[in-house]
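Visitor: sharing a sequence plus its predicted fold:
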Amino acid sequence: MIIKVDRLGRLRGFGGTVLFGAGGVALIAVATLGVADQSSSERMYTVLGGLACLVVAMFAGITLRKPAPTLTVDQKGLVVRQPPELEFSVRWSELHSLRLSRSKRQIGRSRSWFYQLDFWTTSEAATLAQPDLEVLREGEGYRFGLGHLGRRHGRKLYRACEEHAPGRVERVW
């Protein structure tokens, strides 16, 4: 099972690109075609506003170019890919315990479920072979923020972990 991590951020980036891009194009079209009765200075400000909207849409679109982080759960273990910064894998045999927790956070007016993965390994040798894991160290274990998954994908992730590592998975919600 492969889960794309932080769906909410990508969805908002796409929405910003579409809305600001369309708004910028509409403002520039209104100013250049003379649809509204405007003076030359009003047209100039309308074009500048349209260009500003297009710049915001461009920056929102740039965030979508970076590939989404993925979490893969299969028979071998967990694999996290967050190109280009982070990539690690933990086999089920190297895993002592795993905790999947969620919290409801408010972003603007909307409230969303954000998930976090905490895990502890059985030996240091398994983690020393992967230097990327050191970035995630929190005390004795490791912590990886999964971001917004939504309830359905959070439950799907929990079921997949429980299926492949029964007895080692703790759910906190």
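Guide: Yes, it's here.
Visitor: next secondary structure element downstream of the lowest-mean-pLDDT helix or strand in the chain?
Guide: Here the helix or strand of the chain ranked lowest by mean pLDDT, DSSP states H and E is helix 124-128, holding a mean of 66. Downstream of helix 124-128, the first helix or strand assigned by DSSP states H and E is strand 137-138.
Visitor: mind listing what's buried along the following helix or strand past that following strand?
Guide: Next in sequence after strand 137-138, counting helices and strands by DSSP H and E, comes strand 141-148. By neighbour count with 16 or more other Cβ atoms under 10 Å, strand 141-148 contains the buried residues 142, 144, 146, 147, 148. C-beta: built from backbone N, CA, C; applies to glycine.
Visitor: how about TSV for these, with distance to residue 93 added?
Guide: Below are the buried residues of strand 141-148 laid out as TSV (distance: Cβ to Cβ, whole Å):
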residue	distance to residue 93
142	16
144	19
146	23
147	28
148	31
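Visitor: ok, so of those residues, who is nearest residue 16?
Guide: Residue 16 lies nearest to residue 148 out of the buried residues of strand 141-148, by Cβ to Cβ, at 15.6 Å.
Visitor: what is that closest one paired to in the beta sheet?
Guide: Residue 148 forms beta bridges with residue 114, as assigned by DSSP bridges.
Visitor: how's this protein carved up into domains?
Guide: Listed domain ranges for the chain are 7-65, 70-172 (source: automatic domain parsing).
Visitor: rank these by pLDDT, which is bottom?
Guide: For the domains of the chain, mean pLDDT drops lowest on domain 70-172, to a mean of 82.
Visitor: quick one: the strands in the protein?
Guide: Residue ranges of the strands in the chain, as given by DSSP state E, are 2-4, 70-73, 77-82, 86-91, 95-107, 110-121, 137-138, 141-148, 169-172.
Visitor: now the angle from the longest one to strand 110-121?
Guide: Angle between the axes of strand 95-107 and strand 110-121 is 160 degrees (criterion: axes from the mean of the first three to the mean of the last three Cα atoms, to 10 degrees).
Visitor: can you pull the contacts of residue 170?
Guide: 97, 98, 99, 100 (Cβ atoms under 8 Å, 6 or more residues apart in numbering).
Visitor: again, 7 Å this time
Guide: 97, 99 (Cβ atoms under 7 Å, 6 or more residues apart in numbering).
Visitor: bridging residues for it?
Guide: Beta-bridge partners, per DSSP bridges, of residue 170: residue 99.
Visitor: would you agree residue 172 is in contact with residue 101?
Guide: Yes - if you go by Cβ atoms under 7 Å, residue 172 and residue 101 touch, sitting 3.9 Å apart.
Visitor: of these two, who's got more company?
Guide: Taking other Cβ atoms under 10 Å, residue 172 and residue 101 do not tie; residue 101 has more neighbours (16 against 10).
Visitor: nice, that's everything, thank you.
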